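1. Give me coordinates for this.
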Amino acid sequence: MTDAVPDPATPFRLHPAAAWALVGLQFVFLILLGFLPWGDLWLREVGTLVLGLVLVALGIGIALAAGAGLGRTLTPSPIPKADGQLVTTGVYGLVRHPIYSGLLVLGVGLVVIGASWLHLIAWVALLSVLMTKSRFEELMLADQYSDYATYAARVGRLVPGVGRIRSPRA
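-> Got it, this is the predicted structure:
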């Protein structure tokens, strides 16, 4: 699955208030996933809880490894740091937004534990926010780093191989 290449005519810059609103929404949905009332969509037995906890731990591990890989370039905002660098190694060699991938895996773990429609809805909302955030972020990364389009054509957005940009900008 591939995405279209953004129009390179005008550099895109997300307003900081919009960027921080996306960050806030991301945390709202993560908190909701942790505190929504449990449901009965499936049996919440020991195996289900263990699976959920393993996914939560895996998601946290992925997000922490990705954050560590960014080093001083790390920011919660989708607006890249002006003095940052493009990281394409480590977990960034597998997906372009591994922190978001980690948060989504963590969220799936909380859905497994929560077993409710509300958990599923909150996870889909989290996915929507992170997809929106990643698309805005990529427009700015492509403007900031000349080799971003080549990287994005090779590496998937949130899942390895899925969401690659069709072709690099000229």
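
2. can you map out the helices along the protein?
-> Secondary structure of the chain (DSSP state H): helices at 16-35, 46-70, 98-114, 117-144, 148-154.

3. measure residue 14 to residue 122 for me?
-> Distance, residue 14 to residue 122, by CB to CB, to the nearest Å: 24 Å. Bear in mind the C-beta positions are built from the backbone N, C-alpha and C, glycine included.

4. With residue 33 instead?
-> 5 Å.

5. what is in contact with those two at once?
-> residue 107 (CB atoms under 8 Å, 6 or more residues apart in numbering).

6. Throw the helices of the chain into TSV and include mean pLDDT and mean neighbour count, thanks.
-> Converted to TSV, these look like this (pLDDT from 0 to 100; neighbours: other CB atoms under 10 Å):
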stretch	mean pLDDT	mean neighbour count
helix 16-35	96	16
helix 46-70	97	16
helix 98-114	98	23
helix 117-144	96	19
helix 148-154	94	19
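
7. just so I know, which of these lies nearest residue 79?
-> helix 16-35 (5.0 Å; CB to CB).

8. quick one, the closest one and helix 117-144 angle?
-> Relative orientation of helix 16-35 versus helix 117-144 (axes from the mean of the first three to the mean of the last three CA atoms, to 10 degrees): 150 degrees.

9. In CSV, please show the C-alpha coordinates belonging to helix 16-35.
-> Output in CSV follows, covering the C-alpha atoms of helix 16-35 (Å, rounded to 0.1, in the frame of the first residue of the first chain):
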residue,chain,number,x,y,z
PRO,A,16,2.1,25.2,16.7
ALA,A,17,-1.3,25.4,18.4
ALA,A,18,-2.6,22.7,16.0
ALA,A,19,0.5,20.6,16.6
TRP,A,20,0.0,20.7,20.3
ALA,A,21,-3.7,20.0,20.0
LEU,A,22,-2.9,16.8,18.2
VAL,A,23,-0.4,15.9,21.0
GLY,A,24,-3.1,16.6,23.5
LEU,A,25,-5.7,14.5,21.7
GLN,A,26,-3.2,11.6,21.5
PHE,A,27,-2.8,11.7,25.3
VAL,A,28,-6.5,12.0,25.9
PHE,A,29,-7.2,8.8,23.9
LEU,A,30,-4.3,7.0,25.6
ILE,A,31,-5.6,7.9,29.0
LEU,A,32,-9.2,6.9,28.0
LEU,A,33,-7.9,3.5,26.9
GLY,A,34,-6.4,3.1,30.4
PHE,A,35,-9.4,4.2,32.4
